[in-house]
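# sharing a model that was predicted from the sequence below.
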Amino acid sequence: MKYFFPVLALTLGLLAGSASVQAEEGHGSELMSSGASVRDQASLQRGARLYFNYCVGCHSLKYMRYSRMAKDLGLTENEVMQNLNFTGAKFDGPVISHMPPALATKWFGKAPPDLSLEVSAKGADWVYTYLNTFYLDPHSPVGWNNLTLPNAAMPFPLWELQGMQTAVMKPGSAHQVEKLELSQPGRLTPAQYQQATRDLTSFLQYVSEPAALQRHRYGVWVLLFLAFFTLLAYMLKKEYWKDVH
Amino acid sequence: MANVFSRLGGWITERSPGLMPMYRKHMSEYYAPKNFNLWYYFGSLAFLVLVSQIVTGIFLTMNYNPSAAGAFDSVQYIMRDVEWGWLIRYMHSTGASLFFIVVFLHMFRGIIYGSYKKPRELVWLLGMLIFLVLMAEAFMGYVLPWGNMSFWGAKVIISLFGTIPVIGGHLVDWIMGDFLPGDATLNRFFALHVIALPLVLLLLVVLHLAALHEVGSNNPDGVEIKKGPKGNRWSPLAPADGIPFHPYYTVKDLFGVGFFLLIAAFIIFFAPTLGGWFLEHDNSIRANNLVTPSEIKPVWYFTSFYGIVRVMPAFLGTAVWGVLTMFAAIAVLFLFPWIDRGQVKSIRYRGTGFKVGLGVFVLAFIGLGSLGAGVTDKVFPEWFGDVDLATWDNNFGRLMILLYFGFFVFLWAYTHFGWEKTKPVPDRVTMHD
């Protein structure tokens, strides 16, 4: 009994330690911290605009309905249908790309994956890092390569925003990349581009789990209620146990 | 109003005379020792989680589609389109992990206070059976979302049976109903997960409680209150150190429930994946028999046993030893009451050897768990630099297996040959707070 709390603290410490190990789980090179958050509605809206301008041409979000997205992002039906829905899909329908999968496979070697659960599967930091580590590669069939996902089949769609990065190789090596250098600036400054990809990552994080908004909204109240309930139960226990010695 | 209730009560009692005696036997006149501490919350909490898993499970079943083609989509349907579906699913997925946390602590309580010893061997055996069924239940439930980790986890775990000489290969095909985990596998796992195993689990829980209430609860002092003086405020025949389970332990457990739900709600609402420990990233990818996850490992609560399989070498032309050792690691727990020959129950009055041995056993269990979860693959290079990981994992794991089983050998010898120096056990229970 007297060791319970030290042991509990130690166990929780170990768990926390291993949780951080798990979170860092090796996805190739080191990941940047995305700073993505689904609580920032303005960021989600900007991310949605980027997604529907640059990504949805190839990548569906088949589990995401336009109507749900409108509600959660604080957009009207009109705003969504005119500014984000370019395929003529129904407002209540899912976000499906117009690209025919068979042709996509022919063009890119593999059909562009659905991104509904991309952040759940790989983590926000991975997506953010991926979007920040494209570089020109003359050896690649599409002219681009990526540090986070080497030999990615996707040409870099955001190049006009970020500009073009080239790889600086490690001294004495032809393939090992030391760092990326912005060789030709794009429309956005590096800081603006990072914010843009952060917005995009936040949006994809929202799409991975729209329920996160509800979780956060209700969670605090549930915890407050349970804390109050536990306090009452504790007082009740004290009252009943007064005469047990 | 009160009159109406008492008349209704009388009406029922007249027609079902056995109900009130049953209520008295198990609640209002079940005399539990008055000195239960923190460790004694976990039994009632395990029951709470069981009920929660059944109720949330029923609602999940209403919207889940048990087919290889539809399972993954139906989970997303639950998460997005079913009213409160996300909450029900997170309660179920978090509940699964919390079930094991609570059960592990409940079992550990039994070990430190000698609750498995005479006359409670049956209570322990029934509890171990519950643990066994719970593991099967959890494994099959894990396969149902049909994510990529579900698929590969199922494939790896079922393949373990393939190491059995001669019949192994056929056994694997028979379990899966196919040559890979597929529709047939998913359907039978669904049936077992929602009907067969829960029924067995409930029956075992009833037997576990019945067996306990027959002999009475143990306590942190390991003193048999039934053998002590008789007579308390409620009955002249009841043990003097016993108090009625209801209302004393029902209100106490209510407090435990509140505290437990506070932790559970925090996870459910703010960290449902718990950094990949409760819900794994790779399970957000649909089952794909062509693409393996970067590392295949079971959920955390199986990792200690999986760690054993990972490092046991193959010899005599067969790899069955890993599986045998894994099952032996569970089977040996059944034998606790007969391996431990010590007369003193509670760790409070047991010898230093028992305390140290148990500490080593716990460390071995956690060590094997971190090996099975792949934690050692990350921390060994961090701690020791550029080492030969496979050799380190193997040596570390085998040492942990040795310590795990070594504890039981030691415990038997320690108690059988009378090496244990125990402290005097008090006649009556002691109160600490």
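Arrived safely. Everything numeric here is computed off the predicted structure, so don't read it as measured data.

# CA only for contacts and neighbour counts going forward, please
OK.

# could you point out the longest strand of chain A?
Secondary structure assigned by DSSP state E gives strand A:177-185 as the longest strand of chain A.

# given that strand, what are its sheet partners and their directions?
Sheet pairing here is set by DSSP bridges, and for strand A:177-185 it gives strand A:163-169 (antiparallel).

# avg pLDDT for stretch B:146-161?
Averaged across stretch B:146-161, the pLDDT comes to 94.

# gap between that stretch and the chain center?
When distances are taken as Cα atoms, centre = their mean, to the nearest Å, stretch B:146-161 is centred 21 Å away from the chain's centroid.

# secondary structure class for B:R310?
When states are read from DSSP: H, G, I helix; E, B strand; the rest coil, the local structure at B:R310 comes out as helix.

# can you map out the strands along the chain?
As the question left the chain open, I've gone with chain A. Remark: strands assigned in chain A by DSSP E are A:61-65, A:94-95, A:134-136, A:144-146, A:163-169, A:177-185.

# hmm, no, I was thinking of chain B.
Under DSSP E, chain B gives strands at B:31-33, B:242-244.

# what does the first one rub up against?
For strand B:31-33, the external contacting residues (Cα atoms under 8 Å, 6 or more residues apart in numbering or on different chains) are B:216-219, B:225, B:238-239, B:241-245, B:429.

# among those, which are in helices?
With helices identified by DSSP state H, none of the entries of the contacts of strand B:31-33 belong to them.

# between those residues, which is closest to chain A?
Minimum distance to chain A across those is 8.3 Å, recorded for B:I243 (Cα to the nearest Cα).

# which sections of chain B are below the confidence cut-off?
Where chain B drops to pLDDT under 70, the residues are B:433.

# contact residues of it facing chain A?
Where chain B comes near chain A, counting by Cα under 8 Å from any Cα of the partner chain, the residues are B:34, B:37-38, B:76-77, B:79-80, B:86, B:247-248, B:251-252, B:254-259, B:261-262, B:265-266, B:269-270, B:274-277, B:281-285, B:375, B:378, B:431.

# most packed of the strands of chain B?
With neighbours defined as mean count of other Cα atoms under 10 Å in any protein chain shown, the strands of chain B peak in mean count at strand B:31-33, which reaches a mean of 26.

# show me how far that one is from its chain's centre.
24 Å.

# adjacent strands (with direction) for that strand?
For strand B:31-33, sheet partners with direction are given as strand B:242-244 (antiparallel), following DSSP bridges.

# how far does the partner strand sit from its chain's centre?
A distance of 28 Å separates the C-alpha centroid of strand B:242-244 from that of its chain, computed with Cα atoms, centre = their mean.

# run a quick neighbour tally on residue 170.
With no chain named, the answer covers chain A. 12 (other Cα atoms under 10 Å in any protein chain shown).

# think we crossed wires, I meant chain B
By other Cα under 10 Å, the residues close to B:H170 number 12.

# quick one: contacts for it?
Neighbour list for B:H170: B:G162 [criterion: Cα under 8 Å, 6+ apart].

# swap in B:W338?
Contact analysis of B:W338 by Cα under 8 Å, 6+ apart lists nothing.

# measure it to B:I112 for me?
Between B:W338 and B:I112 the distance is 15 Å, computed by Cα to Cα, to the nearest Å.

# got it, and B:Q76?
For B:Q76, the distance to B:I112 under the criterion Cα to Cα works out to 43 Å.

# over to B:E14?
Using Cα to Cα, one gets 45 Å for the distance from B:E14 to B:I112.

# and the residue in the stretch 51-200 of chain B positioned nearest to chain A, how many neighbours?
Checking the stretch 51-200 of chain B residue by residue against chain A with Cα to the nearest Cα singles out B:W86 as nearest, at 6.5 Å. As a burial measure, B:W86 scores 26 neighbours (other Cα under 10 Å).

# same question, B:E214
There are 14 residues near B:E214, going by other Cα under 10 Å.

# which ones are touching the residue nearest the centre of chain B?
Most central in chain B under Cα atoms, centre = their mean is B:V103, positioned 3.7 Å from the mean C-alpha point. Applying Cα under 8 Å, 6+ apart to B:V103 gives the contacts B:42-43, B:46, B:131.

# how about those in JSON lines, adding neighbour count?
Written out in JSON lines, the entries for those read as follows (neighbours: other Cα atoms under 10 Å in any protein chain shown):
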{"residue": "B:F42", "neighbour count": "23"}
{"residue": "B:G43", "neighbour count": "17"}
{"residue": "B:A46", "neighbour count": "21"}
{"residue": "B:F131", "neighbour count": "18"}
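
# and those residues, which is closest to A:L149?
Nearest to A:L149 out of these is B:F131 (Cα to Cα; 42.1 Å).

# which non-adjacent residue is nearest the closest one?
The spatial neighbour of B:F131 that comes closest, neighbours along the chain excluded (Cα to Cα, 6 or more residues apart in numbering or on different chains), is B:V103 at 7.7 Å.

# show me what counts as buried in stretch B:425-433.
Across stretch B:425-433, burial judged by 16 or more other Cα atoms under 10 Å in any protein chain shown covers B:425, B:428-430.

# again with stretch A:110-126
Judged by neighbour count using 16+ other Cα under 10 Å, the buried positions of stretch A:110-126 are A:111-112, A:114-126.

# any idea how many residues pack against residue 218?
In the absence of a named chain, this looks at chain A. A count of neighbours around A:Y218, defined by other Cα under 10 Å, yields 11.

# let's do chain B instead
26.

# picking that back up, nearest to chain A, of the buried residues of stretch B:425-433?
B:T430 (9.5 Å).

# who are the contact partners of the closest one?
Counting by Cα under 8 Å, 6+ apart, B:T430 touches B:35, B:221.

# hmm, 10 Å instead?
If a contact means Cα atoms under 10 Å, 6 or more residues apart in numbering or on different chains, then B:T430 has A:245, B:34-36, B:219-221, B:223, B:241 as its contacts.

# so what's the residue count around B:G70?
B:G70 has 14 neighbouring residues, counting by other Cα under 10 Å.

# so where do the helices sit in the stretch 301-433 of chain B?
Under the criterion DSSP state H, counting those that start in this stretch, the stretch 301-433 of chain B contains helices at B:303-311, B:320-334, B:336-339, B:352-372, B:375-384, B:389-416.

# single out the most deeply packed of those helices.
With neighbours defined as mean count of other Cα under 10 Å, those peak in mean count at helix B:303-311, which reaches a mean of 24.
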